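Trainee: pasted the sequence and its predicted model underneath.
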Amino acid sequence: MTDTKYILSLDLGTTGNRAILFDRQGNIVGQAYKELTQHYPHPGWLEHDAVEIWRDTNDSIQKVIADKQITASEIAAIGLTVQRETCLLWDKTTGKPLHKAIVWQDRRTSTMCDRLRAEGQAEVIQQKTGLVLDAYFSATKLAWLIDWVKQNQPDTNWDNVMAGTVDSWALWNLTGKQVHATDESNASRTMLMNLDTKDWDESLLKLFDIPSQIMPEIKPSMGLFGKSDRQILGTEIPIAAIFGDQQASLFAHGCDRPGLLKCTYGTGCFLVAQTGTEVTRSNNQLLSTVAWSTLEQTNYALEGAIFTTGASIQWLRDGLGLIKYAADTESFCNQVEDTNGVYFVPALSGLGAPHWDMKARGAFLGITGGVKKEHMVRAVLEAIAYQVKEVVDAVNKDSDKAVSLLKIDGGAAKNNFLMQFQADALGVALERPVVLDATAQGAAFGAGLAVGFWDDYQKLVGDRQVDKVFEPGEGQSQAQENFAMWSKAVSRAKNWIE
Ligand code: ADP
């Protein structure tokens, strides 16, 4: 271990795939990234090409190694972290996906969820998995994929089919098609894992008509998953950690005790609060989930998952063409005093926590003749902060100690306007680290600790530097006052589609 210098972290996100090299000090020394194509075959549907995910992952690995001119034998371990819930089926002989992967934001199975709810299944599902019955999770997506294959490829031999979330797909490819596994943090998001046994729940597999032999083996998040195929890096490197992206970021922020929490501002926003080594159940529509695990111990968390935050900024860019770059939103917002009475409801994929309304759709309300595009952009950013406020309020209701500091990360956390408005809306300080890639960092920390490249988690976490603390400021009273109007707008957008 002494002659190795790096940990390779693979961060396979919703908008893109990234390979990042971390050195012994825990610093980023090199990275390669490729944006991922988003396929929208119908309103409310979103697919990814799993072949593209693996090709870009492999290309990023090769590029970061070539750019930094290191040899693969200098890498001690690989850590993998992925967009969660997104799932696919593939053929283990050809190695090809049977259909595009269905992405977590995809709502195509909402009627299936309605039917299950009408049958009275929601409570059992929540009891077993800790999750709110919703199309967000993998179970109904896998059921849809299986059904599609049965209809379109009726001769399929199900003994040759593998199912998995993106981590399983990447792991299987990384190990030269040898290892079909997942970790407990990703498995806890499928709505098929029993939170108490941490194994696939037979009755849920049956409910969704999923053959158990196609499912990956569930393993602890930190520990040996397998070794990378020689063909990829010219040498075998242990894959020593797998985390869901939000859990990886929680780990990087050092949130290892009850009371510590973080919010990641990416495609969606995910507020995750560490709850310790026992499962905690929410009374306010938050999810109970695995934070991470080793062979010896499992840590759990409560989570508020908000589907559309950075995605609404992508929509301003790609859908409406109002901005050229996501970062432009900051200067747009600063050009106006307020939103001129405009409120935006970011229900582009329905609403997640705390509403869980699959039928809600996006809305701009309060538009009058004087409204300019800067007001609309500002309304979109303010809506991101208000959604997070709703979840912080839910966490406060679930806990006897009020949230007093929020650790933040993710692409949209770069936006100073958004972060200041967030601090104002919450009346709580926000702490932004220098390294905003907390997701990749968490997977690197996990893998490095698992193989003994590092031995002190607290030191790794303690060495992270704070870039900026956003204190609630003079905008506080206005931001908090407008929250009531925004909530009214949300109520109008709920239960919209038939
Ligand atoms: P993910 O892991 O979900 O793919 P990232 O953490 O990489 O997401 O963040 C990307 C998201 O952040 C995109 O939705 C993008 O619109 C948004 N984003 C990036 N930079 C900014 C910025 N300066 N201001 C606002 N949003 C931003």
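Mentor: Cool, the structure landed.
Trainee: when you work out contacts or count neighbours from here on, use the C-alpha atoms and nothing else.
Mentor: Noted.
Trainee: count of neighbours near the closest residue to the ligand within the stretch 51-200 of the chain?
Mentor: Closest residue of the stretch 51-200 of the chain to the ligand, Cα to the nearest ligand atom: Q83 (7.1 Å). For Q83, the count of nearby residues is 23 (other Cα atoms under 10 Å).
Trainee: go ahead and confirm it touches F243.
Mentor: No. Using Cα atoms under 8 Å, Q83 is not in contact with F243; the gap is 9.5 Å.
Trainee: not counting sequence-adjacent ones, nearest residue to the residue of the stretch 51-200 of the chain closest to the ligand?
Mentor: In this structure, Q83 finds its nearest non-sequential neighbour in G13, 4.8 Å apart by Cα to Cα, 6 or more residues apart in numbering.
Trainee: you'd agree the one you found is up against L80?
Mentor: No. At 10.8 Å, G13 does not count as touching L80 under the criterion of Cα under 8 Å.
Trainee: what about these two, which has more around it?
Mentor: Set G13 next to L80 and count neighbours by other Cα under 10 Å: L80 wins out with 29 against 22.
Trainee: could I get the phi/psi values of that one?
Mentor: phi -120, psi 130 (degrees, to the nearest 10).
Trainee: what parts of the stretch 301-450 of the chain come near the ligand?
Mentor: The stretch 301-450 of the chain has residues 310-311, 313-314, 326-327, 329, 410-412, 414-415 near the ligand, with proximity defined as Cα under 6 Å from any ligand atom.
Trainee: now with 8 Å, please.
Mentor: 309-314, 325-330, 381, 409-415, 418, 436-437, 439 (Cα under 8 Å from any ligand atom).
Trainee: those, buried ones only, as a PyMOL selection?
Mentor: Command for PyMOL, covering only those of those found buried under the criterion 16 or more other Cα atoms under 10 Å:
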select buried, resi 309+310+311+312+313+314+326+329+330+381+409+410+412+413+414+415+418+436+437+439
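Trainee: that older thread, and the residue of the stretch 51-200 of the chain closest to the ligand, how close does it get to Q105?
Mentor: 11 Å (Cα to Cα, to the nearest Å).
Trainee: also Q480?
Mentor: The value you get for Q480 to Q105, if Cα to Cα is used, is 29 Å.
Trainee: look at these two and report which has more neighbours.
Mentor: Per other Cα under 10 Å, whichever of Q480 and Q105 has more neighbours is Q105, with 24 against 17.
Trainee: of the residues of the stretch 301-450 of the chain next to the ligand, which belong to strands?
Mentor: Taking DSSP state E, the ones among these that sit in strands are D409.
Trainee: please name the nearest non-neighbouring residue to W45.
Mentor: D106 (4.5 Å).
Trainee: for the stretch 301-450 of the chain, just list every one of the strands.
Mentor: Assigned by DSSP state E, counting those that start in this stretch, the strands in the stretch 301-450 of the chain fall at 343-345, 363-365, 405-409, 429-433.
Trainee: was I right about L142 contacting L88?
Mentor: Yes. Between L142 and L88 there is a contact at 7.0 Å, judged by Cα under 8 Å.
Trainee: hey, what's in contact with both of the two?
Mentor: A163 (Cα atoms under 8 Å, 6 or more residues apart in numbering).
Trainee: near the ligand, which residues of the stretch 51-200 of the chain are found?
Mentor: Close to the ligand, as judged by Cα under 8 Å from any ligand atom, the stretch 51-200 of the chain has residues Q83.
Trainee: who are the packing partners of the lengthiest helix in the chain?
Mentor: Longest helix in the chain, counting residues (DSSP state H): helix 373-398. Applying 3 or more Cα pairs under 8 Å, 6 or more residues apart in numbering; DSSP states H and E, we find helix 373-398 packed against strand 269-276, strand 298-306, helix 310-314, helix 328-334, strand 343-345, helix 416-426, helix 476-493.
Trainee: which of the ones you listed sits most buried?
Mentor: Neighbour counts (mean count of other Cα atoms under 10 Å) averaged over each of the helices and strands packed on helix 373-398 peak at strand 343-345, with a mean of 27.
Trainee: centre of the chain to that strand, how far?
Mentor: Its chain's C-alpha centre and that of strand 343-345 lie 23 Å apart, by Cα atoms, centre = their mean, to the nearest Å.
Trainee: please apply the same query to stretch 66-76.
Mentor: In terms of Cα atoms, centre = their mean, the centre of stretch 66-76 is found 28 Å from the chain centre.
Trainee: equivalent analysis for stretch 247-257, please.
Mentor: Here stretch 247-257 shows a centroid-to-chain-centroid distance of 14 Å under the convention Cα atoms, centre = their mean.
Trainee: close to the ligand, is it?
Mentor: No. Between stretch 247-257 and the ligand, judged by Cα under 8 Å from any ligand atom, nothing touches; the nearest distance is 10.5 Å.
Trainee: in a markdown table: the strands of the stretch 301-450 of the chain, plus mean pLDDT.
Mentor: As requested, the strands of the stretch 301-450 of the chain are exported to a markdown table (pLDDT from 0 to 100):
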| stretch | mean pLDDT |
| --- | --- |
| strand 343-345 | 98 |
| strand 363-365 | 97 |
| strand 405-409 | 94 |
| strand 429-433 | 95 |
